[in-house]
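Participant: Pasted the sequence and its predicted model underneath.
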Amino acid sequence: MARPPLILSFDIEISDVDLGYYESVGFRVAQHPSETDRRLIMRVIAWCLHASEGIQMAKGGLSNGEQPALHKEDPSGKMITWIDVGMPEGARLHRASKHADQVVVYSYGRTGPWLSKLRKERIHNAEMIKVFTVPQEALDTLAELLERRNQWSLLRQDDELLVTLTNQNVSFPVTALALVTS
C-alpha cells in the first residue's frame, strides 16, 4: 500500500520589495512520498515569489506530464502561467510553452549540463521561458529546518532572498539564467 502524502503547513510573512508585494499567508502543502524536502522547499519559495499572481500548487505535490508544480489559470481554465521546479526535460518545456502564456523554471543543483542539453533542443518560444537557479546549499539548510508546521519570514530585494525561521536566517540569490544564447 502506497504511503499518503505528508501535509505540511506554512505561515509566511512575504515582503517582496522587488514587486512591492507584502502579505501574510498561510497554506498547506502536500508532499508526495517520493518528493525530496529540497524540492518541496523550492516549490514553496517559487509559490512565494509568485503569490501576488494567484499561483496554485499542483494537486498531490508532484507535477506530471499534464500539470506543472505551480500554475495560474484564467477564469475560462486556460493556463496563464506554468511554473516548474527542478530540471524539466526539453519536451516538457516545449509543451508548456504551447499551453501557457508564461513559463518559469526554478532550478537548483548542477544546472550547467542541463542548460547545455536544453539549448540543443527545439523548444517552442524558448526565448520566452524564464529560468532561475537557487543554490542547492540554501535549500538543504532550509530542508534541515523543515517541520510539519513552519513559520517563515521571506524578504526579496534585488533578487536576493532572506528566509528567517526560528532564530536562523538563510540568505541566497535567485539568479536568472539564459535558456537561449545569441
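Facilitator: Happy to help now that I have it. Numbering: from 1, shown residues only.

Participant: drop to CA atoms for contacts and neighbour counts, all remaining ones
Facilitator: Noted.

Participant: show me the contacts for the most centrally placed residue in the chain.
Facilitator: Centroid-nearest residue in the chain, with C-alpha atoms, centre = their mean: A46, separated by 3.2 Å. Applying C-alpha atoms under 8 Å, 6 or more residues apart in numbering to A46 gives the contacts Y106.

Participant: Look at it and report its pLDDT.
Facilitator: A46 carries a pLDDT value of 97.

Participant: Distance check, it against E160.
Facilitator: Taking C-alpha to C-alpha, to the nearest Å as the measure, A46 falls 13 Å from E160.

Participant: where along this protein do the strands fall?
Facilitator: Here the chain has its strands, by DSSP state E, at 6-16, 21-31, 56-57, 70-73, 79-85, 102-108, 130-134, 149-157, 160-165, 168-173, 175-177.

Participant: And these, which one averages the lowest pLDDT?
Facilitator: Of all these, mean pLDDT reaches its minimum on strand 56-57 (a mean of 88).

Participant: What count of nearby residues applies to E144?
Facilitator: Neighbour count of E144, defined by other C-alpha atoms under 10 Å: 10.

Participant: how close does it sit to L154?
Facilitator: For E144, the distance to L154 - C-alpha to C-alpha - is 17 Å.

Participant: Identify the residues contacting the residue nearest to D16 when sequence neighbours are not counted.
Facilitator: Nearest non-adjacent residue to D16, counting by C-alpha to C-alpha, 6 or more residues apart in numbering: R156, 4.7 Å away. By C-alpha under 8 Å, 6+ apart, the contact list for R156 reads S15, D16, V17, D18, L162.
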